[in-house]
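Trainee: Quick one, what's the 3D model for this:
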Amino acid sequence: ADRRPQRIVTHAATRDAAELVGRDLTEHGYQVECALLQSVELDTRAWTETERNVAFLLSGVLAERAP
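Mentor: Numbers count the residues shown, from 1 in each chain. All right, here's what the predicted structure looks like:
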């Protein structure tokens, strides 16, 4: 019996890590989508960014198997 989950949602902190996770999921039969999430703290007095955080959100759905 195939014990792979139908859907997987995970995240990575860097582009390289997201690429590795995405490739691994693809090699195991998942169709993968990736979204880049950013949060930026903005100092409105000087209109400058004081902090930036990035995360990559990956979603994998197991491809349908042919009968």
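Trainee: From here on, just use CA atoms for contacts and neighbour counts.
Mentor: OK.
Trainee: Quick check: the most far-flung residue of the chain relative to its centre vs Ser39, distance?
Mentor: Each residue of the chain has a distance to the centre, and by Cα atoms, centre = their mean the biggest one is for Arg45: 33.6 Å. Going from Arg45 to Ser39 by Cα to Cα, to the nearest Å gives 18 Å.
Trainee: Okay, now the unreliable bits of the protein?
Mentor: Low-confidence segments of the chain (pLDDT under 70): 1, 65-67.
Trainee: Do a quick rundown of the strands in it.
Mentor: 7-12, 30-43, 48-62 (DSSP state E).
Trainee: Tell me the spacing between Thr26 and Ser59.
Mentor: Relative to Ser59, Thr26 is positioned 11 Å away (Cα to Cα).
Trainee: who touches both of these two?
Mentor: Jointly contacting Thr26 and Ser59 under the rule Cα atoms under 8 Å, 6 or more residues apart in numbering are Val32.
Trainee: For the residue nearest to Gly60 when sequence neighbours are not counted, which residues are in contact?
Mentor: Closest residue to Gly60 apart from its sequence neighbours, by Cα to Cα, 6 or more residues apart in numbering: Val32 at 4.4 Å. Residues near Val32 by Cα under 8 Å, 6+ apart: 22, 25-26, 58-61.
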